[in-house]
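Chemist: Based on what follows, work out the 3D shape:
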Amino acid sequence: MDGGGGGGSTSGEDGKQEKHLVLANKLFLLSQPDVDDLSKVAIRADVLSAVKSDDMAALFEALAATGVLEPDAALLAEMRARIDEEIRKLDEKIADAEENLGESEVREAHLAKSLYFVRVGEKEKALEQLKVTEGKTVAIGQKMDLVFYTLQIGLFYMDFDLISKSIDKAKKLFEEGGDWERKNRLKVYEGLYCMATRNFKKATSLFLDSISTFTTYELFPYDTFIFYTVLTSIISLDRVSLKQKVVDAPEILAVIGKVPHLSEFLNSLYNCQYKSFFVAFSGLTEQIKLDRYLQPHFRYYMREVRTVVYSQFLESYKSVTMEAMASAFGVTVDFIDQELSRFIAAGKLHCKIDKVAGVLETNRPDERNAFYQSTIKQGDFLLNRIQKLSRVIDL
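Modeler: Numbering: from 1, shown residues only. This is a model prediction of the structure:
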């Protein structure tokens with residue numbers, strides 16, 4: 001998103017995260033009660049520095065109004081004066097290009113103005129100017145780059161409607177052409193959007209497709225990408241797919257150790273080491289809670305992971321004592337009793353608790369029988385339709 005007054009780049013070719021997304025994450029952390037006050041002092045100083053360095057007057061005003069930053073009328077006036085002066089210069093360059101230069105120079109001048117609005121945090125003006133720039137753009141690749149700028153604006157403001165429309169627009173552009181590098185980058189943007197909107201299954205598929213072609217460093221570093229890929233895969237893939245695509249994937253093995261607890265989390269689940277799994281899981285909860293894309297789904301994710309691990313444990317038994325299960329997970333019998341009661345009531349686990357004997361009995365649904373019943377039901381429905389149709393024809 002940072003373009004200064006010049007061309008800018010939509011991809012993190014230098015391996016750095018886009019600085020407005022870094023800022024967005026810091027603003028998110030300031031709103032979290034789990035971040036201690038001392039850390040918030042340092043984060044607030046970083047936010048003020050970032051806002052001042054890019055003259056983000058509108059954002060400064062909004063943050064001052066909500067008490068995140070201290071109001072400073074003189075600083076605000078200085079930033080607004082610099083913005084007005086820069087826009088005047090950019091308008092002069094556009095006028096000069098339109099009068100004296102070719103079409104590509106006119107486009108570059110409009111793009112520079114678009115990126116300046118992005119830089120100073122003027123969302124609506126940036127989107128409007130990007131549309132003007134698009135009207136001056138012929139090449140599919142350049143049009144795609146404009147969509148990536150729009151997606152970054154959407155991610156900064158967590159504007160899911162804007163992100164969704166931009167992804168659809170990018171896909172239509174790809175029907176007209178477009179290179180593989182940009183197509184692969186779009187998969188990561190779409191995967192992040194799916195994860196942030198709780199479509200973990202689709203996010204997993206898109207992330208796994210992008211493991212060996214990842215270049216979207218403007219969104220997050222590669223180890224964060226692997227963190228998201230492992231987390232979404234665990235609740236979306238069956239054991240066989242998890243082993244093939246995640247546990248044994250060389251790209252994941254190369255960096256999984258850089259993320260605390262992630263390797264233990266994945267491997268202890270696959271190797272059925274349930275005590276180790278719970279220890280690693282509790283170590284990861286803080287990271288999930290303090291991630292701006294995952295935090296809204298924290299409770300849902302915690303529930304889904306526990307469903308996966310309990311189902312995997314029970315898969316091996318027709319019946320098992322509560323004590324044996326509690327021992328396997330390193331928790332008390334009362335905890336397992338409460339946990340399983342909730343999951344059984346919600347229809348997440350197929351078993352029943354014999355409280356007197358202290359035993360769990362599994363009652364997994366018979367898939368073949370369910371398919372047979374479904375076929376019979378569909379057949380009956382079809383026969384009824386044919387009979388109704390024959391009555392109409394007889395008339």
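
Chemist: Leaving aside the residues adjacent along the chain, what's closest to R82?
Modeler: Using CB to CB, 6 or more residues apart in numbering and skipping the chain neighbours, the partner closest in space to R82 is D55 (5.2 Å). Using the backbone N, CA and C atoms, a C-beta is placed for each residue, glycine as well.

Chemist: can you confirm the one you found is in a strand?
Modeler: No. Applying DSSP: H, G, I helix; E, B strand; the rest coil, one finds D55 to be coil, outside a strand.

Chemist: residue contacts, it?
Modeler: Residues counted as contacts of D55 (CB atoms under 8 Å, 6 or more residues apart in numbering) are M79, R82, I83, E86, R119, V120.

Chemist: Help me confirm that the fifth one comes into contact with A57.
Modeler: The one in question is R119. No. The criterion here is CB atoms under 8 Å, and R119 misses it with A57 at 11.5 Å.

Chemist: Let's see the PyMOL selection covering just the buried ones among the contacts of D55.
Modeler: To isolate the buried ones among these in PyMOL, judged by 16 or more other CB atoms under 10 Å, type:
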select buried, resi 79+83+86+119+120
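
Chemist: for the contacts of D55, which one is nearest Q244?
Modeler: Comparing these against Q244 with CB to CB places R119 closest, at 43.7 Å.

Chemist: Would you mind giving the secondary structure of K16?
Modeler: Applying three-state DSSP: K16 is coil.

Chemist: And the residue nearest to it when sequence neighbours are not counted, what's its pLDDT?
Modeler: Distances taken as CB to CB, 6+ apart put Y217 closest to K16, at 6.4 Å, once the chain neighbours are dropped. The per-residue pLDDT reported for Y217 equals 94.

Chemist: From the structure, what's the count of residues near A58?
Modeler: Other residues within reach of A58 by the criterion other CB atoms under 10 Å amount to 19.

Chemist: circling back: for the residue nearest to K16, phi and psi?
Modeler: Per-residue torsions, Y217: phi -70, psi -20 (degrees, to the nearest 10).

Chemist: close enough to count as contact, it and V22?
Modeler: No. Y217 lies out of contact with V22 (CB under 8 Å); the separation is 11.9 Å.

Chemist: neighbour count winner among these two?
Modeler: Neighbours were counted for Y217 and for V22 using other CB under 10 Å; Y217 has more, 18 against 13.

Chemist: What are the buried residues along the helix or strand encompassing E78?
Modeler: For E78, the host element (DSSP states H and E) is helix 73-100. Neighbour counts over helix 73-100 (16+ other CB under 10 Å) mark L75, M79, R80, I83, E86, I87, L90, K93, I94, A97 as buried.

Chemist: likewise stretch 349-364?
Modeler: Buried-residue list, stretch 349-364, by 16+ other CB under 10 Å: L349, C351, I353, V359, L360, T362.

Chemist: Ramachandran angles for E70?
Modeler: Here E70 shows phi and psi, under degrees, to the nearest 10, equal to phi -70, psi 130.

Chemist: ok, how many other residues are close to Y372?
Modeler: By other CB under 10 Å, 11 other residues sit near Y372.

Chemist: Find the helix or strand that it is a member of.
Modeler: For Y372, the host element (DSSP H and E) is helix 367-394.

Chemist: what about that helix, distance to the chain center?
Modeler: Offset of helix 367-394 from its chain centre (CA atoms, centre = their mean, to the nearest Å): 43 Å.

Chemist: Flag the shaky bits of the stretch 1-150 of the chain, pLDDT-wise.
Modeler: 1-15 (pLDDT under 70).

Chemist: so how far is T213 from R182?
Modeler: 11 Å (CB to CB, to the nearest Å).

Chemist: same question, L389
Modeler: 53 Å.

Chemist: So between those two, which is more surrounded?
Modeler: Higher neighbour count among L389 and T213: T213, with 15 against 10, using other CB under 10 Å.

Chemist: From what I see, that one and K183 are in contact.
Modeler: No. Here T213 lies out of contact with K183, judged by CB under 8 Å, at a distance of 9.2 Å.
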